[in-house]
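> Generate coordinates for the sequence data below:
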Amino acid sequence: MPRSTVVAPGTAIPTRRGSRRYWYDHRATAIWALILCVVLWRAYAATVHPAAAPEQLQEGIHDVARDVDGDTILLVSGARIRLQGINCPESVKPNWPVEPWGPEASQFTKDFLKGAHNRVRLTFSAERKDRYDRFLAFVWDGDVMLNEELVRAGLADARTDWNYSPVMKHRFLAAQDEARQAGRGIWSKAGSEHGMPP
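Coordinates of the predicted model:
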């Protein structure tokens, strides 16, 4: 049987201080855990609510957040850029299979942006936006144009049916002829049946 303690009247009963001491001993850990939660929440909130895309975009130097696929990039400003005049095989299109040479086109764009330190120069032609509200641009690192290099590598089709500069159309067709004659990428034997959506 447990022993009962008799306390004389007027005697103070000692209180347990263990829970208070535990808090004082572990408050630094609790504060760091709270700080970590706040940092993680802010990082999550930043990914859930990306920067709103600007309505207008000027020609010039822009910082790139990442590539989306071979022919689409995302700027730090939130603007989505579709490379004008070319079409790469699909690699991330929802409800669409990954097409031959799509991952290679995406990697080519990623490597180009990395080589440019994620800072590119954008120029535009007659048509500024497509039906998906993406800006249509020529993407440059110095004098080298990503759009043209993708076509030359056999990782994109030249699209001359779109509304842009005849000079650029001529450049893309010349790059495409070079890729076709060399049998690169989509023009190789392995990629000869590359059906790509517009």
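> Quick one: residues contacting the closest residue to Met168 other than its chain neighbours.
Leaving aside its sequence neighbours, Met168 sits nearest to Gly85 (CB to CB, 6 or more residues apart in numbering; 5.7 Å). (C-beta placed from N, C-alpha, C; glycine too.) By CB atoms under 8 Å, 6 or more residues apart in numbering, the contact set of Gly85 is 138, 147, 158-160, 162, 164, 168-169, 172.
> again, only using 6 Å
Contact partners of Gly85, counting by CB atoms under 6 Å, 6 or more residues apart in numbering, are 147, 159, 164, 168, 172.
> any idea how far Asn95 is from the residue lying closest to the third one once chain neighbours are set aside?
Spelled out, it's Tyr164. For Tyr164, ignoring the flanking residues on the chain, the nearest one in space by CB to CB, 6+ apart is Ser125 at 3.8 Å. In this structure, Ser125 and Asn95 are 30 Å apart, going by CB to CB, to the nearest Å.
> Of these two, which one has the most company?
It is Ser125, of Ser125 and Asn95, that has more neighbours when counted by other CB atoms under 10 Å, with 18 against 4.
> For that one, which three-state class applies?
Judged by DSSP: H, G, I helix; E, B strand; the rest coil, the three-state class of Ser125 is coil.
> Mind splitting this structure into its structural domains?
What automatic domain parsing lists as the domains of the chain is 17-49, 60-191.
> can you list those domains in JSON lines and add mean pLDDT?
What follows is those, written out as JSON lines (pLDDT from 0 to 100):
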{"stretch": "domain 17-49", "mean pLDDT": "63"}
{"stretch": "domain 60-191", "mean pLDDT": "95"}
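> how about the helices in this protein?
18-48, 102-115, 146-152, 166-182 (DSSP state H).
> need the contact list for Phe112.
Shown in contact with Phe112 (CB under 6 Å, 6+ apart): Leu146.
> Val151 touches Ala174, doesn't it?
No - when contacts are counted by CB atoms under 6 Å, Val151 is not listed as touching Ala174 (9.0 Å).
> More neighbours: those two, which one.
Between Val151 and Ala174, counted using other CB under 10 Å, the more crowded position is Val151 (31 against 14).
> Name the nearest residue to that one, sequence neighbours excluded.
With CB to CB, 6+ apart, the residue lying closest to Val151 is Ala175, at 4.2 Å.
> Quick check: the most centrally placed residue in the chain vs Val76, distance?
Centre of the chain computed as the mean C-alpha position; nearest residue by CA atoms, centre = their mean is Arg66, 3.4 Å away. Separation of Arg66 from Val76 (CB to CB): 9 Å.
> For beta bridges, what are the partners of Leu74?
According to DSSP bridges, the partner residues bridging Leu74 are Arg66, Arg80.
> Having no further points to raise, I will conclude here.
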